[in-house]
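Colleague: Return a 3D structure for these sequence lines:
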Amino acid sequence: MKDAKDRATRDAFEAPRKGRPRKEGAMTNAEKQAAYRKRRAEAGGGAVMLNNEEIWLLCHALDGKVWEADAEQRQKLIARLRKRVV
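Modeller: This next block holds a predicted model:
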């Protein structure tokens, strides 16, 4: 039994704390977001910017339609697309 006047002696067992115990390597939300951004930057995978001609070419190529332009112009656009995407 604890003496009410004795303030110097600690209890043998501390009172249990509320909630779930904190993990050793827990990260804050800001740290998680920074790590996510870093992984995304390292992986590459940035956006590819296309102009209207390139978008039009892709739409028709995916549609299976034949593009009504001369072969030279078509090859130039395809070469530009390959440089940007690959």
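
Colleague: For the residue in the chain sticking out farthest from the centre, report the pLDDT, please.
Modeller: Distance from the C-alpha centroid of the chain, by C-alpha atoms, centre = their mean, peaks at residue 5 (58.6 Å). Turning to residue 5, the model gives it a pLDDT of 83.

Colleague: element containing it?
Modeller: Residue 5 belongs to no helix or strand when assigned by DSSP states H and E.

Colleague: Give the residue spans of the chain that score low on pLDDT.
Modeller: In the predicted model, the chain carries pLDDT under 70 at residues 1-2, 45-48, 62-70, 84-86.

Colleague: What helix or strand is residue 54 located in?
Modeller: Per DSSP H and E: helix 52-63 holds residue 54.

Colleague: Would you tell me what the next helix or strand after that helix is?
Modeller: Immediately after helix 52-63, counting by DSSP H and E, sits helix 71-85.

Colleague: Show me what that next one is packed against.
Modeller: Secondary-structure packing of helix 71-85 (3 or more C-beta pairs under 8 Å, 6 or more residues apart in numbering; DSSP states H and E): helix 52-63. (Glycine included, C-beta is placed from N, CA and C.)

Colleague: Which parts of the helix it packs on count as buried, going by neighbours?
Modeller: 54, 57 (16 or more other C-beta atoms under 10 Å).

Colleague: elements contacting it?
Modeller: Judged by 3+ C-beta pairs under 8 Å, 6+ apart, the packing partners of helix 52-63 are helix 71-85.

Colleague: what comes up buried for the helix it packs on?
Modeller: In helix 71-85, counting by 16+ other C-beta under 10 Å, buried: 77, 81.

Colleague: i'd like the first residue to be 355 from this point on
Modeller: Right, with 355 as the first residue, what we last looked at is helix 425-439.

Colleague: and that helix, how far out from the chain's middle?
Modeller: The chain centroid and the centroid of helix 425-439 are separated by 30 Å under C-alpha atoms, centre = their mean, to the nearest Å.
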